[in-house]
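In: sequence? don't have it. structure:
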(Lines give C-alpha, C1' and ligand atoms only; values in the text may rest on other atoms or scores of the structure.)
Protein backbone atom coordinates (compact mmCIF):
# COMPACT_ATOMS: atom_id res chain seq x y z
CA UNK A 1 0.00 0.00 0.00
CA UNK A 2 1.32 3.45 -0.93
CA UNK A 3 1.89 5.96 1.84
CA UNK A 4 -0.72 8.71 1.94
CA UNK A 5 0.49 12.33 2.04
CA UNK A 6 -1.91 15.16 2.86
CA UNK A 7 -0.97 18.61 1.50
CA UNK A 8 -2.25 21.81 3.11
CA UNK A 9 -1.24 24.70 0.84
CA UNK A 10 -3.25 27.70 -0.34
CA UNK A 11 -1.01 28.78 -3.24
CA UNK A 12 -2.71 27.15 -6.23
CA UNK A 13 0.41 26.67 -8.34
CA UNK A 14 2.48 25.22 -5.51
CA UNK A 15 -0.47 23.13 -4.37
CA UNK A 16 -0.78 21.52 -7.80
CA UNK A 17 2.99 21.13 -8.14
CA UNK A 18 3.22 19.26 -4.82
CA UNK A 19 0.31 17.00 -5.75
CA UNK A 20 1.99 16.04 -9.02
CA UNK A 21 5.38 15.58 -7.35
CA UNK A 22 4.06 13.09 -4.81
CA UNK A 23 1.82 11.30 -7.29
CA UNK A 24 4.80 10.87 -9.64
CA UNK A 25 6.74 9.33 -6.75
CA UNK A 26 3.97 6.81 -6.06
CA UNK A 27 2.37 8.39 -3.04
CA UNK A 28 -1.34 8.52 -2.46
CA UNK A 29 -2.29 12.20 -2.17
CA UNK A 30 -5.09 14.23 -0.60
CA UNK A 31 -5.05 17.98 -0.22
CA UNK A 32 -6.80 21.14 0.88
CA UNK A 33 -6.39 24.89 0.38
CA UNK A 34 -7.85 25.78 3.81
CA UNK A 35 -6.96 24.89 7.39
CA UNK A 36 -10.45 24.15 8.73
CA UNK A 37 -11.24 21.85 5.82
CA UNK A 38 -7.85 20.15 6.20
CA UNK A 39 -8.47 19.39 9.87
CA UNK A 40 -11.76 17.68 9.06
CA UNK A 41 -10.41 15.71 6.12
CA UNK A 42 -7.28 14.59 7.97
CA UNK A 43 -9.36 13.31 10.90
CA UNK A 44 -11.46 11.30 8.45
CA UNK A 45 -8.73 9.97 6.13
CA UNK A 46 -5.84 9.45 8.60
CA UNK A 47 -2.88 10.10 6.26
CA UNK A 48 0.65 8.89 6.95
CA UNK A 49 2.20 12.38 6.77
CA UNK A 50 1.11 16.02 6.44
CA UNK A 51 2.81 18.79 4.45
CA UNK A 52 1.64 22.03 6.05
CA UNK A 53 1.91 25.67 4.97
CA UNK A 54 1.67 28.21 7.79
CA UNK A 55 0.09 31.07 5.84
CA UNK A 56 -3.44 29.80 5.26
CA UNK A 57 -6.45 32.00 4.40
CA UNK A 58 -8.77 30.99 7.26
CA UNK A 59 -6.90 29.70 10.31
CA UNK A 60 -3.12 29.77 10.51
CA UNK A 61 -0.95 26.73 10.09
CA UNK A 62 0.24 26.91 13.69
CA UNK A 63 -3.32 26.24 14.86
CA UNK A 64 -3.67 23.34 12.43
CA UNK A 65 -0.41 21.82 13.66
CA UNK A 66 -1.38 22.10 17.34
CA UNK A 67 -4.83 20.61 16.74
CA UNK A 68 -3.47 17.67 14.75
CA UNK A 69 -0.86 16.87 17.38
CA UNK A 70 -3.55 16.86 20.06
CA UNK A 71 -5.54 14.20 18.23
CA UNK A 72 -2.69 12.38 16.46
CA UNK A 73 0.59 12.87 18.35
CA UNK A 74 2.42 10.35 16.16
CA UNK A 75 1.32 11.87 12.83
CA UNK A 76 4.44 13.29 11.09
CA UNK A 77 4.01 16.95 10.12
CA UNK A 78 6.45 18.80 7.88
CA UNK A 79 6.02 22.57 7.81
CA UNK A 80 6.69 24.05 4.38
CA UNK A 81 6.69 27.84 4.53
CA UNK A 82 8.26 31.12 3.45
CA UNK A 83 8.95 31.97 7.11
CA UNK A 84 12.60 30.98 7.36
CA UNK A 85 14.23 32.79 10.29
CA UNK A 86 15.75 30.71 13.09
CA UNK A 87 13.00 31.99 15.40
CA UNK A 88 10.36 30.76 12.94
CA UNK A 89 12.00 27.33 12.77
CA UNK A 90 12.21 27.01 16.57
CA UNK A 91 8.60 28.13 16.96
CA UNK A 92 7.40 25.64 14.35
CA UNK A 93 9.21 22.75 15.98
CA UNK A 94 7.96 23.77 19.41
CA UNK A 95 4.41 23.52 18.07
CA UNK A 96 5.05 19.82 17.57
CA UNK A 97 6.08 19.79 13.90
CA UNK A 98 8.54 17.03 13.02
CA UNK A 99 10.43 19.00 10.38
CA UNK A 100 10.58 22.51 8.92
CA UNK A 101 11.51 23.27 5.30
CA UNK A 102 11.70 26.90 4.09
CA UNK A 103 10.57 27.95 0.62
CA UNK A 104 11.98 27.81 -1.99
CA UNK A 105 13.04 24.19 -1.60
CA UNK A 106 14.66 21.46 -3.66
CA UNK A 107 12.27 18.64 -4.47
CA UNK A 108 14.98 16.03 -3.80
CA UNK A 109 15.42 17.36 -0.28
CA UNK A 110 11.67 17.43 0.35
CA UNK A 111 11.22 13.85 -0.85
CA UNK A 112 14.19 12.68 1.22
CA UNK A 113 12.81 14.26 4.38
CA UNK A 114 9.38 12.79 3.75
CA UNK A 115 10.91 9.33 3.42
CA UNK A 116 12.90 9.83 6.62
CA UNK A 117 9.85 10.89 8.61
CA UNK A 118 7.76 8.01 7.30
CA UNK A 119 10.54 5.59 8.21
CA UNK A 120 10.72 7.00 11.73
CA UNK A 121 6.95 6.69 12.05
CA UNK A 122 7.13 2.99 11.25
CA UNK A 123 9.73 2.57 13.98
CA UNK A 124 7.38 3.92 16.66
CA UNK A 125 5.89 1.18 18.77
CA UNK A 126 2.18 0.64 18.27
CA UNK A 127 1.78 -1.53 21.39
CA UNK A 128 3.23 0.03 24.53
CA UNK A 129 3.65 -1.97 27.73
CA UNK A 130 4.60 -1.13 31.30
CA UNK A 131 4.26 -4.12 33.60
CA UNK A 132 0.77 -5.52 33.11
CA UNK A 133 -0.50 -2.28 31.51
CA UNK A 134 -0.88 -2.31 27.72
CA UNK A 135 -1.75 0.54 25.34
CA UNK A 136 -2.57 0.11 21.65
CA UNK A 137 -1.98 3.46 19.93
CA UNK A 138 -3.75 2.45 16.72
CA UNK A 139 -6.86 0.89 18.20
CA UNK A 140 -6.94 3.52 20.99
CA UNK A 141 -7.27 0.78 23.61
CA UNK A 142 -5.87 0.40 27.11
CA UNK A 143 -5.87 -2.82 29.14
CA UNK A 144 -4.46 -3.88 32.48
CA UNK A 145 -4.35 -7.54 33.42
CA UNK A 146 -6.53 -8.05 30.35
CA UNK A 147 -9.23 -5.71 31.68
CA UNK A 148 -10.24 -2.84 29.37
CA UNK A 149 -9.88 0.66 30.80
CA UNK A 150 -11.96 3.45 29.29
CA UNK A 151 -10.12 6.75 29.04
CA UNK A 152 -11.06 10.15 27.67
CA UNK A 153 -9.06 11.46 24.72
CA UNK A 154 -6.85 13.64 26.93
CA UNK A 155 -6.31 10.86 29.47
CA UNK A 156 -5.28 8.52 26.65
CA UNK A 157 -2.79 11.05 25.22
CA UNK A 158 -1.38 11.66 28.69
CA UNK A 159 -0.93 7.95 29.39
CA UNK A 160 0.62 7.36 25.97
CA UNK A 161 3.14 10.16 26.56
CA UNK A 162 4.05 8.71 29.97
CA UNK A 163 4.46 5.20 28.54
CA UNK A 164 6.62 6.37 25.63
CA UNK A 165 8.88 7.91 28.26
CA UNK A 166 8.83 4.99 30.70
CA UNK A 167 11.28 5.44 33.55
CA UNK A 168 11.81 9.16 32.88
CA UNK A 169 10.58 11.91 35.18
CA UNK A 170 8.51 14.41 33.17
CA UNK A 171 7.95 17.93 34.49
CA UNK A 172 4.50 19.48 34.54
CA UNK A 173 5.61 22.08 31.98
CA UNK A 174 6.89 19.36 29.63
CA UNK A 175 3.65 17.39 29.94
CA UNK A 176 1.57 20.52 29.40
CA UNK A 177 3.59 21.38 26.30
CA UNK A 178 3.29 17.93 24.73
CA UNK A 179 -0.29 17.01 25.69
CA UNK A 180 -1.99 20.41 25.82
CA UNK A 181 0.41 22.29 23.47
CA UNK A 182 0.69 25.08 26.06
CA UNK A 183 -2.75 26.47 25.26
CA UNK A 184 -2.86 29.97 26.75
CA UNK A 185 -5.88 29.28 28.97
CA UNK A 186 -4.48 26.08 30.49
CA UNK A 187 -2.36 26.14 33.67
CA UNK A 188 0.10 23.54 34.91
CA UNK A 189 -2.29 22.54 37.71
CA UNK A 190 -4.48 20.87 35.08
CA UNK A 191 -1.71 18.26 34.79
CA UNK A 192 -2.20 17.32 38.45
CA UNK A 193 -5.96 17.11 37.95
CA UNK A 194 -5.69 14.78 34.97
CA UNK A 195 -2.99 12.71 36.65
CA UNK A 196 -5.51 12.17 39.42
CA UNK A 197 -8.11 10.98 36.92
CA UNK A 198 -5.58 8.68 35.27
CA UNK A 199 -4.27 7.15 38.49
CA UNK A 200 -7.82 6.48 39.66
CA UNK A 201 -8.50 4.43 36.50
CA UNK A 202 -5.09 2.85 35.83
CA UNK A 203 -3.68 2.30 39.34
CA UNK A 204 -6.38 2.45 42.02
CA UNK A 205 -8.18 -0.83 41.15
CA UNK A 206 -4.86 -2.74 41.11
CA UNK A 207 -2.36 -3.72 43.80
CA UNK A 208 0.77 -2.49 42.05
CA UNK A 209 0.97 1.25 41.34
CA UNK A 210 2.74 2.30 38.14
CA UNK A 211 2.30 6.09 38.00
CA UNK A 212 4.35 8.04 40.53
CA UNK A 213 4.56 11.69 41.51
CA UNK A 214 8.18 12.74 42.07
CA UNK A 215 7.82 15.63 44.49
CA UNK A 216 9.31 18.85 43.20
CA UNK A 217 9.92 17.43 39.72
CA UNK A 218 6.85 15.90 38.06
CA UNK A 219 5.52 12.47 37.14
CA UNK A 220 6.76 9.16 35.77
CA UNK A 221 5.53 5.67 34.97
CA UNK A 222 7.60 2.59 35.64
CA UNK A 223 7.33 -1.03 36.67
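Out: Thanks, I have the structure now. The structure displayed is predicted, hence computed values, not measured ones.

In: can you give me the strands for the chain?
Out: Taking DSSP state E as the test, the strands found in the chain are 4-8, 28-32, 49-52, 77-81, 99-102, 127-130, 133-136, 141-144, 147-148, 170-171, 211-214, 218-221.

In: got the ones you listed as CSV, with mean pLDDT, mean neighbour count and distance to residue 118 columns?
Out: Where you see a C-beta, it was placed from the backbone N, CA and C, and this is true even at glycine. What follows is the strands of the chain, written out as CSV (pLDDT from 0 to 100; neighbours: other Cβ atoms under 10 Å; distance: least, Cβ to Cβ, whole Å):
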stretch, mean pLDDT, mean neighbour count, distance to residue 118
strand 4-8, 94, 24, 9
strand 28-32, 93, 18, 12
strand 49-52, 94, 24, 6
strand 77-81, 88, 23, 10
strand 99-102, 86, 18, 11
strand 127-130, 90, 16, 20
strand 133-136, 93, 19, 21
strand 141-144, 94, 18, 24
strand 147-148, 94, 10, 31
strand 170-171, 88, 17, 27
strand 211-214, 93, 14, 32
strand 218-221, 93, 21, 28
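
In: out of those strands, nearest to residue 154?
Out: When the strands of the chain are compared by Cβ to Cβ, strand 141-144 sits nearest residue 154, at 13.3 Å.

In: okay, now the unreliable bits of the protein?
Out: For the chain, applying pLDDT under 70 flags the ranges 1, 83-86, 88-89, 91-92, 121-125, 181-186.

In: quick one, domains of it?
Out: 4-123, 127-221 (automatic domain parsing).

In: any idea how far the residue of the chain positioned farthest from its centre is from residue 148?
Out: Centroid-distance maximum for the chain: residue 207 at 32.3 Å, with Cα atoms, centre = their mean. Residue 207 sits 19 Å away from residue 148 when distances are taken as Cβ to Cβ, to the nearest Å.

In: for residue 136, which non-adjacent residue is spatially closest?
Out: Excluding the flanking residues, the one nearest residue 136 by Cβ to Cβ, 6 or more residues apart in numbering is residue 127, at 5.6 Å.

In: related to what we said a few turns ago, any chance of CSV for the strands of the chain, columns distance to residue 67?
Out: Below are these laid out as CSV (distance: least, Cβ to Cβ, whole Å):
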stretch, distance to residue 67
strand 4-8, 12
strand 28-32, 14
strand 49-52, 11
strand 77-81, 11
strand 99-102, 18
strand 127-130, 23
strand 133-136, 22
strand 141-144, 23
strand 147-148, 28
strand 170-171, 22
strand 211-214, 27
strand 218-221, 25
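
In: tell me the contacts of the closest residue to residue 131 other than its chain neighbours?
Out: Of all residues not flanking residue 131 in the chain, residue 223 sits nearest, at 4.4 Å (Cβ to Cβ, 6+ apart). Taking Cβ atoms under 8 Å, 6 or more residues apart in numbering as the contact definition, residue 223 lies against 130-131, 210.
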